[in-house]
Structures are given as structure tokens and as C-alpha cells.
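K.L.:
Pasted the sequence and its predicted model underneath.
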Amino acid sequence: MGATKVVIALGGNALQEAGTPATAEAQFEVVKKTAGYIAEISEKGYEVAIAHGNGPQVGRILLASETASSVTPAMPFDVCGAMSQGYIGYHIQQALKHELAKKGKDIPVVTLVTQVVVDKDDPGFKNPTKPIGPFYSEEEAKKIAAEKGYVMKEDAGRGWRRVVASPVPVKIVELDSVKRLWDSTIVVTVGGGGIPVIEKEDGSLEGVAAVIDKDLAAERLAEDVDADVLMILTEVEKVSINYKKPNQQDLDSITVDEAYKLIEEGHFAPGSMLPKVMAAVNFAKSKPGKKAIITSLYNAVDALEGKAGTAVTM
């Protein structure tokens, strides 16, 4: 029996702290703390790969690019996604390599700019829902929609924002490279859910303006590398029902069937916990013996040992 293989999906709070400035320097300080927990997991003998989100970062790259468009051409959305993978990966590589070295471990950490194939007919393209970038007034939003052809939607009473599709990940293009590197290297991959691309009839790939849910992309990766555990890190230690109500109940473990029932009852918010639970369910039912864990970064080590977090199993 080899080492336990774990795919770790880092939530936004593992890359950026609420209330801190959105500078690269402030984000790097957060990533250093995150790297300490991942290094501890590696030191305990687990083999890991890392996936991460990029929502705020890609929005800011896009905004910077569009704001400077009178000076230098604005970059398309898929290119901004690739740029976010590069700089977030660079931060993780640098911080994690240092934390591993402090523990006497000489393990390479590599970021793979990763493309993920989506279906051009995915229903997500007909109904874009993923908000990105800054808020606008209704008047500004309509002007931008007319000028650039963007889909603009009102976002929870806070203003208007651009929305893009959130299609389902079908295939990880660089999967073979991840597998080849696995035994020797910690790979940072499917960053921000991966750069969404569609396969054309001639076999070439074309980037599209979309954001793949990073938890679903991490789940796809975990299945494809035959991982034992999918660990989804978020802001809370456990999944709860009746969240933030007097009768809130934290869950230590749930089965796939129990999870479906709770989803049906509307316990998980579509924009936050629902995709995490769906990804966990998809992984747990993919093959006998698979386990998904949803917990906070700070409880990650304990959760792998069954002492924290919410475990989802068949």
C-alpha cells in the first residue's frame, strides 16, 4: 500500500485575508501561512497536489488590463486566467519550497499552467452566472454591454457586474504531465478551475470567457489521478445545516445519500457551500473507498486524521 494521495483545493482565504490590502505583498504573506499547513501534511507522508481559486485575482488583472487599454491592448479573459495561475502558483512555489526546506525536505514544487476542456454547448454559456470584476451603475453597465458585448447583471443590490459562464470541467489537458510529475513533485494545477478551452473540430483548443468552479475542477483532478482523498479547504471547520441560525448543526460526517437529501432541502448556499458539497459527493461516489473532506485550512492536518472537518463518504 503506497502513500495516501490527496488533492487539496485551496479556498480564497488561503490566498487572501479579508480586510487586508489586495496587494501582491499582502497576498504573499497569507500564502506563506498556508504553505506551512501544506508542508506539515507532506511531512506526515501524504502525497499532495494543489488546486486553488482565482476569483478576486483574475477580476483585478482584467480590470487593470481594461483600465490601461488606451495605453496597451486589453488582454482577453482566458489570458487573464493564465496570468493569475502564473502569479498565484509562483507565490505557492516560493512559500511551500521554503516551508518544506525548514522541515529538511527537498521536494520540488511546480506550477503547471493548466487548460481544462469544457463543452461548447454547456448550458452555463446560455445563462452566465459567475460575477467578476468591479461594480458599476446600471447606466455604466448598459454602456459597457453595448460597447463590448459583455453580459451585465445586477448583483445582490450592490450594483451591476459582468457575469461569465461557469461550465462543468470535462477534461484536464495537461493531466498526463501531472501524473508523470506526481511521484517526485508537488504540482500546483487547475488554478482558478483551469483555463477554460473548447476543442475545435480540427483538434485545436480555443480559450473562452468563463470561470470553472475550482472545487469541481479539483474533483475532476482527484478522480483522474486516482487520489484517495479530495480535501476542500474553506473558511469554516465543518459543513453545517441551518447555517448561522440558532439551530445550526455542524456535521462530522455524511454519506452521499444524506448529502443529496440536505441539498434538496436547500441547506447549502449556491455561491459558497453548495459547489463544495457537490464536488465532495461526486468524488465520494466515484469509486469505492474514496473520501472527501471539507474543512478549514487551520484544521487540515487534524481533518486528515479524522479529528476535524466534515467527511463525505459513500
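P.N.:
On my side now, so go ahead.
K.L.:
Pull out the buried residues from the host helix or strand of I293.
P.N.:
I293 belongs to strand 291-296 when assigned by DSSP states H and E. If you call a residue buried by 16 or more other C-beta atoms under 10 Å, then strand 291-296 has these buried ones: K291, A292, I293, I294, T295, S296. To be clear about C-beta, it is placed using only N, CA and C from the backbone, and glycine gets the same treatment.
K.L.:
The closest residue to F28 other than its chain neighbours: what's it in contact with?
P.N.:
Leaving aside its chain neighbours, F28 sits nearest to H91 (5.2 Å; criterion: C-beta to C-beta, 6 or more residues apart in numbering). When contacts are counted by C-beta atoms under 8 Å, 6 or more residues apart in numbering, H91 touches L15, A24, Q27, F28, V31.
K.L.:
go on, D215?
P.N.:
Neighbours of D215 in contact, by C-beta under 8 Å, 6+ apart: A9, I232, P275, K276, M278, A279.
K.L.:
Among these, find the lowest-pLDDT one for me.
P.N.:
Lowest pLDDT among these: P275, with 89.
K.L.:
what comes up buried for the helix or strand of the chain with the lowest mean pLDDT?
P.N.:
Lowest by mean pLDDT, DSSP states H and E among the helices and strands of the chain is strand 130-136, with a mean of 78. Using 16+ other C-beta under 10 Å as the test for burial, strand 130-136 gives K130, P131, I132, G133, Y136.
K.L.:
circling back to that earlier point, surely the residue nearest to F28 is within a strand?
P.N.:
No: counting by DSSP: H, G, I helix; E, B strand; the rest coil, H91 is not found in a strand; it is helix.
K.L.:
measure it to V109 for me?
P.N.:
Going from H91 to V109 by C-beta to C-beta, to the nearest Å gives 11 Å.
K.L.:
can you check G149 too?
P.N.:
Counting by C-beta to C-beta, the gap from G149 to V109 is 40 Å.
K.L.:
Tell me which of these two has more neighbours.
P.N.:
The neighbour count for G149 versus V109, taken as other C-beta atoms under 10 Å, is higher for V109 (23 against 7).
K.L.:
Pull the contacting residues for the residue most central in space within the chain.
P.N.:
Geometric centre of the chain, nearest residue: K214, 2.7 Å, by C-alpha atoms, centre = their mean. Contact analysis of K214 by C-beta under 8 Å, 6+ apart lists A9, A51, H52, G53, N54, V190, G191, G192, G193.
K.L.:
so how many other residues sit close to the closest residue to the third one other than its chain neighbours?
P.N.:
What that stands for is H52. The shortest distance from H52 to any non-neighbouring residue, by C-beta to C-beta, 6+ apart, is to L10 (4.1 Å). Residues near L10, counting by other C-beta under 10 Å, number 27.
K.L.:
and what of E99?
P.N.:
Neighbour count of E99, defined by other C-beta under 10 Å: 22.
K.L.:
which residues of the chain fall in helices?
P.N.:
24-43, 55-67, 77-102, 138-148, 175-182, 214-224, 256-264, 273-284, 300-304 (DSSP state H).
K.L.:
What average pLDDT does the shortest one get?
P.N.:
When pLDDT is averaged along helix 300-304, the result is 96.
K.L.:
now for it, which elements pack on it?
P.N.:
helix 24-43, strand 229-234, strand 291-296 (3 or more C-beta pairs under 8 Å, 6 or more residues apart in numbering; DSSP states H and E).
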